[in-house]
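J.: sequence isn't available, so here's the structure alone:
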């Protein structure tokens, strides 16, 4: 991804060329601070900050279906799958009662994204969801979403077990963070991704490429644009595809990573003893 104030040249699209530009940007942004601190404790300077951080054999903690590793000759990558543990926290009694009281609702939440200040995102989202004949579960998040009236077709949540909730919704409207995208995909929920920053446009594109939802065009939805996206996400074909893809997502990424780590530690102990 590009850093603020350091956009990639629009004419450069080759992934390897962008990778080299990324290394240059990271050196420029963080090299002086890292090497200044290293020098203060007697360590030699690091020539390539990114390669120093990533290492020669990095682990890629993403799902291979959602994020297939395209390969680079100088990186020996181990893709483990996403590091997500089962969440056994129960949904609240009130939320369960809401879910049981009607057809599966649409979840809308943007996690740690504050969203665009000039737009009443809750108003836009709820009106778009209602236009599709659906109820809504609204997650407050950093955007501080709230209900817009006292109708009984909407329910607001704070911290919630997304694994349990997403298994019971018709679609998930979200910002496109890796964790939320992976959780929604594993649950078999179709998605509308409204990306805001960083890696979120990438995950929005992957949702669209997999045909398990829609990548919203731009970070600021309107009632009309979000309603149109929801119409596609709620279509039978999209929901069926989301269900099919869910069965291909790894659930053992954290276990695989922990097992590999313990094996590496064990090998190190054996080598020292030898």
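T.: Great, that's in hand. Please read all numbers here as calculations on a predicted model, not as lab measurements.

J.: where are the low-confidence patches of the stretch 101-250 of the chain?
T.: 116-119 (pLDDT under 70).

J.: helices along that one, start to end?
T.: Assigned by DSSP state H, counting those that start in this stretch, the stretch 101-250 of the chain shows helices spanning 121-131, 162-166, 178-187, 200-209, 223-233, 236-246.

J.: let's have those helices in JSON lines, adding distance to residue 193 and mean neighbour count.
T.: (Each C-beta comes from the backbone N, C-alpha and C, glycine too.) JSON lines is the format used below for the helices of the stretch 101-250 of the chain (distance: least, C-beta to C-beta, whole Å; neighbours: other C-beta atoms under 10 Å):
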{"stretch": "helix 121-131", "distance to residue 193": "13", "mean neighbour count": "22"}
{"stretch": "helix 162-166", "distance to residue 193": "14", "mean neighbour count": "21"}
{"stretch": "helix 178-187", "distance to residue 193": "7", "mean neighbour count": "23"}
{"stretch": "helix 200-209", "distance to residue 193": "4", "mean neighbour count": "20"}
{"stretch": "helix 223-233", "distance to residue 193": "9", "mean neighbour count": "19"}
{"stretch": "helix 236-246", "distance to residue 193": "13", "mean neighbour count": "16"}
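
J.: Throw those helices into a markdown table and include distance to residue 93, thanks.
T.: Formatted as a markdown table, the helices of the stretch 101-250 of the chain follow (distance: least, C-beta to C-beta, whole Å):
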| stretch | distance to residue 93 |
| --- | --- |
| helix 121-131 | 23 |
| helix 162-166 | 13 |
| helix 178-187 | 21 |
| helix 200-209 | 32 |
| helix 223-233 | 28 |
| helix 236-246 | 27 |
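
J.: nearest to residue 3, out of those?
T.: Across the helices of the stretch 101-250 of the chain, residue 3 has its closest neighbour in helix 200-209 (14.6 Å, C-beta to C-beta).

J.: just checking, residue 18 touches residue 12?
T.: Yes. Using C-beta atoms under 8 Å, residue 18 makes contact with residue 12 at a distance of 6.2 Å.

J.: remind me which helix or strand residue 261 belongs to.
T.: Assigned by DSSP states H and E, residue 261 falls within helix 253-273.

J.: going by neighbour count, list what's buried in that helix.
T.: 253, 254, 256, 257 (16 or more other C-beta atoms under 10 Å).

J.: equivalent analysis for stretch 27-38, please.
T.: Those would be 27, 31, 34, 35, for stretch 27-38 by 16+ other C-beta under 10 Å.

J.: so the third one lies in a helix, does it not?
T.: Okay, so that is residue 34. Yes. Counting by DSSP: H, G, I helix; E, B strand; the rest coil, residue 34 is located in a helix.

J.: and it, what is it in contact with?
T.: 46, 49, 52 (C-beta atoms under 8 Å, 6 or more residues apart in numbering).

J.: the buried residues of helix 253-273: which two are farthest apart?
T.: Of all pairs in those, the most separated under C-beta to C-beta is 254 and 256 at 7.4 Å.

J.: tell me the domain boundaries of this protein?
T.: 1-55, 56-82+252-274, 93-246 (automatic domain parsing).

J.: how far off centre is the longest one?
T.: The chain centre lies 13 Å from the centre of domain 93-246; the measure is C-alpha atoms, centre = their mean, to the nearest Å.

J.: and stretch 26-35, how far out from the chain middle?
T.: For stretch 26-35, the distance to the chain centre is 27 Å (C-alpha atoms, centre = their mean).

J.: OK, contacts around the residue nearest the centre of the chain?
T.: The centre of the chain sits closest to residue 178, judged by C-alpha atoms, centre = their mean, with a distance of 1.9 Å. Applying C-beta under 8 Å, 6+ apart, we find residue 178 in contact with 62, 82, 199, 203.
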